[in-house]
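Asks: A predicted structure for the sequence below; I have some questions about it.
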Amino acid sequence: MAAAASPEKHFPVSWDMFHRDCRALTWRLAGAGPFDALVTVTRGGLVPAAIVARELGIRVIETICVASYGGAAGVPDTQQGNLQILKGVTDAIVALGRGDGGKVLIVDDLVDTGKTARVVRDLLPKAHFATVYAKPMGRPLVDTFITEVSQDTWIFFPWDTGLAFQPPIAGGA
Ligand SMILES: O=P(O)(O)OC[C@H]1O[C@H](OP(=O)(O)OP(=O)(O)O)[C@H](O)[C@@H]1O
Ligand SMILES: Nc1nc2[nH]cnc2c(=O)[nH]1
Ligand SMILES: [Mg+2]
């Protein structure tokens with residue numbers, strides 16, 4: 001299934017909020033470990049992965065590089081195209097992620113349609129999949145998350161946004 005064509009609602013996330021939500025995610029993950037390695041889904045997973053790895057003391061960190069959303073210049077990338085794996089993980093991590101003698105934690109910022117999570121899960125079926133945010137379509141694909149938002153909501157991360165003037169509500173904004 002496709003993501004909401006043009007998400008109606010906005011869910012802006014500040015750095016403070018994101019840090020707090022990542023810490024909350026780590027508390028929830030503490031009982032599921034210990035983890036021998038962390039795989040982060042780039043690029044959105046990089047920031048939560050740094051925070052989670054710091055909190056859980058994980059030092060073996062690998063990336064899986066995936067791209068699927070690509071919008072026109074100047075607008076959020078809300079349209080999902082074909083998913084491409086630009087870089088996979090090492091054989092050692094694949095072995096761990098298949099349950100051969102260790103535990104792998106996968107971290108991404110969010111799950112939306114679940115398309116990205118499905119591809120990553122196929123590669124590492126026994127790994128524990130954690131995201132900070134989840135939308136209903138993708139929720140069944142993750143083991144642990146912190147906050148659910150509706151499918152027609154677009155989450156705006158602090159690394160994609162900046163401070164800007166807001167017109168007064170009384171002006172019809
Ligand atoms: O559940 P899905 O519908 O597949 O969407 C979720 C994925 O979309 C975003 O990544 P994106 O592909 O936009 O790349 P980015 O992480 O580089 O921003 C987000 O970081 C997730 O990885
Ligand atoms: N920033 C951002 N990227 C996404 N990729 C898929 N869904 C989303 C979303 O809600 N926000
Ligand atoms: Mg991503």
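Replies: Received the coordinates, thanks. Ligands and ions are numbered 1, 2, ... in the order given.
Asks: show me what contacts the residue in the chain positioned nearest to ligand 1?
Replies: When scored by CB to the nearest ligand atom, the chain has residue 44 as its residue closest to ligand 1, at 2.7 Å. Glycine gets a C-beta too; all of them are placed from N, C-alpha and C. Shown in contact with residue 44 (CB atoms under 8 Å, 6 or more residues apart in numbering): 108-110, 157.
Asks: again, only this time at 10 Å
Replies: 66, 69, 107-110, 116, 131-133, 155, 157, 159-160 (CB atoms under 10 Å, 6 or more residues apart in numbering).
Asks: buried subset of these, written for ChimeraX?
Replies: In ChimeraX, a selection of the buried entries from these looks like this (16 or more other CB atoms under 10 Å):
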select :66,69,107,108,109,110,116,131,132,133,155,157
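Asks: element containing residue 55, please.
Replies: Per DSSP states H and E, residue 55 falls inside helix 46-56.
Asks: which helices and strands sit right next to that helix?
Replies: Judged by 3 or more CB pairs under 10 Å, 6 or more residues apart in numbering; DSSP states H and E, helix 46-56 is in contact with helix 15-29, strand 37-42, strand 61-69, strand 104-111, strand 128-134.
Asks: try it again at 6 Å.
Replies: helix 15-29, strand 37-42, strand 104-111 (3 or more CB pairs under 6 Å, 6 or more residues apart in numbering; DSSP states H and E).
Asks: which residues touch that helix?
Replies: For helix 46-56, contacts defined as CB atoms under 6 Å, 6 or more residues apart in numbering pick out 22, 26, 38, 40, 61, 107, 109, 132.
Asks: so the fifth one sits right up against residue 37, yeah?
Replies: No - assessed by CB atoms under 6 Å, residue 61 is found out of contact with residue 37, at 7.2 Å.
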